[in-house]
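J.: Quick one, fold the following:
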Amino acid sequence: MAIPFSIPAPMVRVRRQVARVLSSPRTKSLLGRMRWLPPGPVIRILPWVFDPTAGGTSTGSLVIHVEGTGGGYWVLDVTATGAAVRRGDAAAFDAADCTLECDRDAWHRLVTGEITGMKGFMDGDVRLAGNFGLALRLDACFA
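T.: Predicted coordinates:
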């Protein structure tokens, strides 16, 4: 049996399915019980749930620095059509358009939806620097 193949349509469907699974209450409940989950695997799937049509037109690079066990630096490159993620370092942190720093507990609460990026920033759990327009766009694009 031949499988119809079209690059854009299947990718859109896959991204929508991944976003639906990640935002489901069942998944958030599971993540809530798995405090040991390191940030790396979660950060690597961010491009799959990124919605480029949401949240404005800011583009650039965002460096995510999660402190603590399993933490590290990750660079999220945001364009008008999507996002890509790669492992970073302190040099990438200094060269980024926007930086997000938090400890592992704050990261876990962000990912599970216990707090929003704005609330984390206002409470001092999340530190942002640089292009705030990019940070606000990301909050909408990953919602």
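J.: if we look at stretch 83-95, which residues are touching it?
T.: 43-44, 46-47, 50, 52, 61, 63, 65, 72-77, 99, 141 (CB atoms under 8 Å, 6 or more residues apart in numbering). No exception for glycine: its C-beta is placed from N, CA and C like everyone else's.
J.: now the residues you listed: which count as buried?
T.: 43, 46-47, 50, 61, 63, 65, 72-77, 99, 141 (16 or more other CB atoms under 10 Å).
J.: Now the two most distant members of the residues you listed.
T.: Pairwise distances across these (CB to CB) peak at 22.4 Å, for the pair 72 and 141.
J.: Just the buried positions in stretch 54-61, please.
T.: Neighbour-count burial for stretch 54-61 [16+ other CB under 10 Å]: 55, 58, 59, 60, 61.
J.: just checking, what packs against the helix or strand containing the last one?
T.: Residue 61 belongs to strand 60-67 when elements are defined using DSSP states H and E. With contacts defined as 3 or more CB pairs under 8 Å, 6 or more residues apart in numbering; DSSP states H and E, the secondary structure elements packing on strand 60-67 are helix 39-44, strand 72-78, helix 90-95, strand 98-103, helix 104-112, helix 132-141.
J.: Much appreciated, bye for now.
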